Structure formats: structure tokens, C-alpha cells
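K.L.:
no FASTA, just this:
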């Protein structure tokens, strides 16, 4: 099985990245061939709204197509974005906005009928503690944004949250959260 991890946050080693690494560790321990991409290390430009999207190709030439090709060839995709104002990061949004070439337009909107990926894990972290992170829509807003995109792929989606990361320099996911992330990867 081929698994792709995508970090859409700017800070390596912080909460979203730690959760992503644990899911990938579980996948690897289960025999998966694992690759990890950090979107902030790549040249991914914003969508220009040109309307030229075609299946399998965006007209903007940068690293985005390489990432989409890896998504399309992976059985499992693990996508992690910290919560920024109840949404994904600007880099995650650029990735999603440019992802139109993965889909065919139908009368009910974009659809992907390919068999890969089959499963997606969506991860977010945010400063607001649980249950406020969910009641006020902070972390859930971020997950919702990711689900809109990945949900159009006809995949099974699982979600992970690391909330209460108030002190960004000291806060880390709890041992329980990291164990849950590892188990999720192990069971995929």
C-alpha cells in the first residue's frame, strides 16, 4: 500500500506535524510505503481563476501537479493543516483551490471516480481548547474545509484533532492524541 502525508502548515515539528508523523508511523509499521510532503517547501502558486482546468492538468506550471500526481497514485492520503481562523492555512487553501484538475465537472459539481486514494485522514490542531474548539466551530471549520475537497473524491474520511494548543512553543498533542493517531495509521 502507498501512503502520502501532506503537511499544509508552516511549522515543522509542531502539533499538526506531530499528529501527521504518528499516523504515517502507524501506516509504515503496518507495511505501507510512506512518503511525506511539506507544502511550504514547494512552489505552489494561488489559483488565478482562469477557468482552464482540465482533468489531470492545471495550466500553472509549478510543483502543484507533482503533488496531485502523488495523491492520485496513493491508496491513503493523510492531510494536515493547523486551524487558522476556523479554516485551513493559506497554503492548504491554495492546494485545494488548484485541485480542480483532479475532478470532472458534472451537473452536481466536481466528482472524482478514480479508485485512488481510497482513504483520507484529515488532521488539524488549534489553540482553542475542547469543547470550545468544536462548539464555536474553530477546529471543525478547518476540518469542514478539507472535507469539502476530499469528500468529492468518494473516499472514506477519518479525522483527528489536537486542540488546546494555546502556547504554540510549548504545546504538544497529548500522549493519548498521539497514540490515537498511531492506532489510526496502523488500522488503515
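P.N.:
Arrived safely. Remember, it's a predicted structure, so these values are computed and weren't measured experimentally.

K.L.:
ok, which stretches of the protein are helices?
P.N.:
15-29, 64-72, 90-97, 132-135, 138-151, 175-187 (DSSP state H).

K.L.:
Out of these, point me to the one whose mean pLDDT is lowest.
P.N.:
Ranked by mean pLDDT, these bottom out at helix 132-135, which scores a mean of 80.

K.L.:
Let me know how buried residue 29 is, in neighbour terms.
P.N.:
12 (other Cβ atoms under 10 Å). All C-beta atoms are positioned from the backbone trio N, CA, C, and that covers glycine.

K.L.:
Pull the contacting residues for it.
P.N.:
By Cβ atoms under 8 Å, 6 or more residues apart in numbering, residue 29 lies in contact with 185, 186.

K.L.:
tell me the contacts of the residue nearest in space to the middle of the chain?
P.N.:
Computing the C-alpha centroid of the chain and ranking residues by Cα atoms, centre = their mean puts residue 79 first, at 1.9 Å. Residues near residue 79 by Cβ under 8 Å, 6+ apart: 6, 8, 92, 120, 121, 122, 123, 146, 150.

K.L.:
What separation do you get for the nearest residue to residue 156 once chain neighbours are set aside and residue 150?
P.N.:
Excluding the flanking residues, the one nearest residue 156 by Cβ to Cβ, 6 or more residues apart in numbering is residue 119, at 4.9 Å. Shown here: residue 119 relative to residue 150, a distance of 10 Å by Cβ to Cβ, to the nearest Å.

K.L.:
from what I can see residue 138 touches residue 129, true?
P.N.:
No: taking contacts as Cβ atoms under 8 Å, residue 138 lies outside contact range of residue 129: 9.9 Å.

K.L.:
What count of nearby residues applies to the nearest residue to residue 33 once chain neighbours are set aside?
P.N.:
Nearest residue to residue 33 in three dimensions, chain neighbours excluded: residue 2, at 5.0 Å (Cβ to Cβ, 6+ apart). The burial count assigned to residue 2 is 16, neighbours taken as other Cβ under 10 Å.

K.L.:
Check the gap between residue 2 and residue 70 for me.
P.N.:
Residue 2 sits at a distance of 9 Å from residue 70 (criterion: Cβ to Cβ).

K.L.:
quick one: stretch 133-147 to chain centroid distance?
P.N.:
13 Å (Cα atoms, centre = their mean, to the nearest Å).

K.L.:
before we move on, the earlier item: which stretch among the helices of the chain comes nearest residue 158?
P.N.:
Closest of the helices of the chain to residue 158 is helix 175-187, at 6.1 Å (criterion: Cβ to Cβ).
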